[in-house]
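Build me a structure from this.
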Amino acid sequence: MANINWKEWYQKTKSFIRRTFKRYVIFLLHLTPHQNVAQTILTYMLLGFAILSLPFMTRGHVTLLDNLFTSAAAVSTAGLATVNFAESYTILGKIVILILIQIGGVGYMTFTSFLFLSLAKKHRLGKSQTEALTAEVKLPNTLKLSDFLWAALVFTLIAETIGAFFFFNYFRHHDFGIIQALWYSIFHSVSSFCTAGFSLWNDSLIGFADSKTMNTVVTCLSLAGAMGFIVAADIFNFIRRKTNEISFTTKTIVITTLVLVAFGTFTLFVTSPGLSLWEAFFQSVASITTTGFYSVDIGSLSSCSLLILILMMCIGGSPSGTAGGFKTTAFTSVLALIYNRLRMNPHVDFLGRRISMMRLYEATSSVLLYTVFLFISVFLLSWTEKLSFLDLVFESAAALSTSGLSTGITAQLTWMGKFIIIGTMLIGRIGVVTFGMALLAHDEDEEHDKNDKPMLPTDIAV
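Numbering: from 1, shown residues only. Model prediction:
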């Protein structure tokens, strides 16, 4: 057997990696910002899939499709699972999934931009990074992109640290060892803030349905993540006196979220007699924040309650937050449009402020596209699966909203059904409008948009 020239082999490998990286960079330069967002999430998902497919990442019978599904659910912060997550992955596998959840929750372009800023000598984003980040996050006119980026990362660190502290204190008082309590605290703090819904227990939080501490911490973290980094950056700038008032976007997000939580709590409590008021409140928060945790068996809820949860999941969280859905600001913009149209008003006003036509276009496009993709997902699942129609609608809504709540049919899906849900989760996390523009928009379209005159200005982000 001939001796291997390791030096020559190393040089060839190094040259191959350089050529591949160069071609990849050239490929990225030809992408539109929206295509850049889409390819970034696909890259993270495939990287996670490759790592999870290593033998020491799983235990028991976990197929490659299960690993792909889990990776997609983690990056999308959806929380759906085709296998028993708590028992099917080793500690290393769970750490990989936790990292994917964190990347997906903070934001693919936000995370990538942070890495670029940390490694770049000039400590500023290039044009392509700025455009891609702008395509992923929708900011009000009053908030700078740089302020948002740092506020998002600082807010994430603070919120998850505080959450982990309260979890750790709770677990230490309930017979958990220090290492185990620390691991469970970090995992569930990240999973809650990123609204991922992954849990280290087989039955999510059903075993803690009566624990006010667990439910309160999860609720606070979920709301903090779902209401978004815009709210955090806006309040941060207001405290530092960089702005004189809280923006219209923040006011809209907070008011709409509170109203929807109250609406969901009341309707769930009324339509499911077996639910306590606290359980109804928790599931209302879990659905509007698309967290995916549950303290009751979702499959046992009434059809009316499931419809309410579907509506809440589809609305979802707020722009530039960790939650999915077509967003609370789009919901309020469409409601304002309908209300003002019925009153024959020539303009669309909400809370004493006028909403520009451009924002209304974005809101209506988001809601309509969301409905289209939900219809397509339900149609395909109804074609391939022999399960209850309402369960399939609920599963599709949970996947598109990246909620992760399920009536328990995820593991029963065929291989085609699993691929449909994977695609639905990815579209939901990329964003229906961003995904549509990634398919249809071209460089010349982007240049045309830049040359257009701006419409009536407003500070609401959709």
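
where along the stretch 301-450 of the chain do the strands fall?
349-350, 353-354 (DSSP state E, counting those that start in this stretch).

Can I get those strands in JSON lines including mean neighbour count?
Glycine gets a C-beta too; all of them are placed from N, C-alpha and C. Shown next, in JSON lines, are these (neighbours: other Cβ atoms under 10 Å):
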{"stretch": "strand 349-350", "mean neighbour count": "16"}
{"stretch": "strand 353-354", "mean neighbour count": "14"}
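
Let me have these in JSON lines, extended by distance to T90 and mean pLDDT.
Listed next are the strands of the stretch 301-450 of the chain as JSON lines, based on distance: least, Cβ to Cβ, whole Å; pLDDT from 0 to 100:
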{"stretch": "strand 349-350", "distance to T90": "50", "mean pLDDT": "86"}
{"stretch": "strand 353-354", "distance to T90": "52", "mean pLDDT": "85"}
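
Can you lay out the ones you listed as CSV showing distance to V37?
As requested, those are exported to CSV (distance: least, Cβ to Cβ, whole Å):
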stretch, distance to V37
strand 349-350, 28
strand 353-354, 29
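
I427 is nearest to which of those?
With Cβ to Cβ, the closest approach to I427 among these belongs to strand 349-350: 28.2 Å.

In contact with the closest residue to Y370 other than its chain neighbours: list those residues for me.
Of all residues not flanking Y370 in the chain, F326 sits nearest, at 4.3 Å (Cβ to Cβ, 6 or more residues apart in numbering). By Cβ atoms under 8 Å, 6 or more residues apart in numbering, the residues touching F326 are C314, I315, G316, S366, V367, Y370, V432.

how much space between the fourth one and M416?
Read it as S366. Distance from S366 to M416, counting by Cβ to Cβ, to the nearest Å: 28 Å.

The two: who's more crowded?
Taking other Cβ atoms under 10 Å, S366 and M416 do not tie; S366 has more neighbours (25 against 13).

Just to check, the more buried one is in contact with T328?
No: using Cβ atoms under 8 Å, S366 is not in contact with T328, being 11.4 Å away.

Apart from its chain neighbours, what residue comes closest to Y170?
Nearest to Y170 is T213, by Cβ to Cβ, 6+ apart, at 5.0 Å.

And for T384?
M416 (4.4 Å).

Same check on N237?
Closest to N237 by Cβ to Cβ, 6+ apart is T243, at 4.7 Å.

do N244 as well
F238 (8.0 Å).

quick one, what contacts that neighbour?
Counting by Cβ under 8 Å, 6+ apart, F238 has contacts N244, E245, I246.

among those, which are in strands?
The members of those all map outside strands under DSSP state E.

still on that earlier bit, relative to V106, which of the contacts of F326 is nearest.
Within the contacts of F326, the smallest distance to V106 is 17.1 Å, found for G316 (Cβ to Cβ).

ok, and the closest non-adjacent residue to the closest one?
Closest residue in space to G316, ignoring its immediate chain neighbours: G325 at 1.4 Å, by Cβ to Cβ, 6+ apart.

The one you found and S333: what is the separation?
14 Å.

Checking I230 next. Helix, strand or coil?
Under DSSP: H, G, I helix; E, B strand; the rest coil, the three-state class of I230 is helix.

gap between the residue nearest to Y170 and A181?
Going from T213 to A181 by Cβ to Cβ gives 13 Å.

Comparing these two, which residue is more hemmed in?
Remark: of T213 and A181, A181 carries more neighbours, 20 against 14, as counted by other Cβ under 10 Å.

if we can go back for a sec, what about the residue nearest to Y370? Give its phi and psi, please.
Per-residue torsions, F326: phi -90, psi 10 (degrees, to the nearest 10).

Give me the local confidence score for it.
Predicted confidence (pLDDT) at F326: the value is 91.

quick revisit: now, which of the contacts of F238 sits nearest I420?
When the contacts of F238 are ranked by distance to I420 (Cβ to Cβ), I246 comes first, at 41.4 Å.

So what's the residue count around that closest one?
The burial count for I246: 15, using other Cβ under 10 Å.

That one touches A232, doesn't it?
No: using Cβ under 8 Å as the test, I246 is too far from A232 to be in contact (11.9 Å).

Apart from its neighbours in sequence, what residue is nearest G324?
Using Cβ to Cβ, 6+ apart and skipping residues adjacent in sequence, the residue nearest G324 is T402, 3.4 Å away.

ok, now how distant is the one you found from I158?
T402 is 23 Å from I158, by Cβ to Cβ.

Looking only at neighbour counts, state which of the two leads.
Counted by other Cβ under 10 Å, T402 and I158 do not tie: T402 has more neighbours, with 33 against 12.

Quick one: residues contacting the more buried one.
Going by Cβ under 8 Å, 6+ apart, T402 touches S76, T77, A78, G79, T195, T290, A323, G324, M425, G428, R429.

just L221 next, same as before
By Cβ under 8 Å, 6+ apart, L221 lies in contact with A159, E160, G163, S189, S192, F193.

can you pick the most crowded of those?
Most neighbours among the contacts of L221, by other Cβ under 10 Å: S192, with 35 neighbours.
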